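**Student:** Here is the input, now give the coordinates:
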Amino acid sequence: MRIEILAVGRSRDPAVDALTARYLERLPWRVTLREIELRGSADPERRRRMEGDRLLAAIPRNASVIVLDGRGEEVGSEAFAARLEALWRQSHGLLVFVIGGAEGLDPRLRARADWVLSLGAMTWPHLLVRAMLAEQIFRAWAILGRHPYHRS
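**Tutor:** All right, here's what the predicted structure looks like:
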């Protein structure tokens, strides 16, 4: 399985970076994290549109796209793993997760998504979302491979 995480903003927090890397490096799947950084434009709508342009341009055509959004579907870890496997099978082996910026997601990203996913009703800092997503991807691998990391 090949996974790419596209995230708006650049991390400058070594602790969060280490936590995210801890899970991604343990995976046998090829997972990359690509940061999309934008400067300028304080206007929220314009910034959202610019981020949308950059993110959409970074998504390969044949990828299955999973957009993280607080208004998305909430699922448990087992359902997350099953859905990842199903999307992977229909996507020629490439899954792309999208983490938007502080102003929210451009509606075009939700329209492009194969799945709009929520990590819960609470608001999370974008950098922490990266670590939480990395852990859930690792947990999905454990569930699919019947590894003892996930105990339910």
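
**Student:** Every contact and neighbour count from this point should use C-alpha atoms.
**Tutor:** Fine.

**Student:** contact partners of stretch 30-47?
**Tutor:** The contact list for stretch 30-47, computed with Cα atoms under 8 Å, 6 or more residues apart in numbering, reads 1-10, 24, 51, 54-55, 103.

**Student:** what about it, distance to the chain center?
**Tutor:** The chain centroid and the centroid of stretch 30-47 are separated by 14 Å under Cα atoms, centre = their mean, to the nearest Å.

**Student:** Any buried residues in that stretch, and which?
**Tutor:** Buried residues in stretch 30-47, counting neighbours by 16 or more other Cα atoms under 10 Å, are found at 31, 33, 36, 47.

**Student:** Equivalent analysis for stretch 61-80, please.
**Tutor:** In stretch 61-80, the ones that count as buried by 16+ other Cα under 10 Å are 63-70, 72, 74, 77-78, 80.

**Student:** What pLDDT does the model give residue 62?
**Tutor:** The per-residue pLDDT reported for residue 62 equals 88.

**Student:** quick one: which helix or strand includes residue 31?
**Tutor:** Using DSSP states H and E, residue 31 sits in strand 30-36.

**Student:** Buried residues in whichever helix or strand comes after that strand, which are they?
**Tutor:** Next helix or strand after strand 30-36 toward the C-terminus (DSSP H and E): helix 44-58. Within helix 44-58, the residues that count as buried by 16+ other Cα under 10 Å are 47-49, 51-52, 55-56.

**Student:** Would you mind getting the angle between the strand holding residue 31 and helix 44-58?
**Tutor:** Strand 30-36 and helix 44-58 are oriented at 140 degrees to each other (axes from the mean of the first three to the mean of the last three Cα atoms, to 10 degrees).

**Student:** Could I have the CA atoms of strand 30-36 written out in PDB?
**Tutor:** The C-alpha coordinates for strand 30-36 follow below in PDB (Å, rounded to 0.1, in the frame of the first residue of the first chain):
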ATOM      1  CA  ARG A  30       5.300   3.400   1.900                       C
ATOM      2  CA  VAL A  31       3.900   6.500   3.500                       C
ATOM      3  CA  THR A  32       5.100  10.100   2.800                       C
ATOM      4  CA  LEU A  33       4.100  13.300   4.400                       C
ATOM      5  CA  ARG A  34       4.200  16.300   2.100                       C
ATOM      6  CA  GLU A  35       3.700  19.800   3.600                       C
ATOM      7  CA  ILE A  36       2.000  22.400   1.400                       C
END
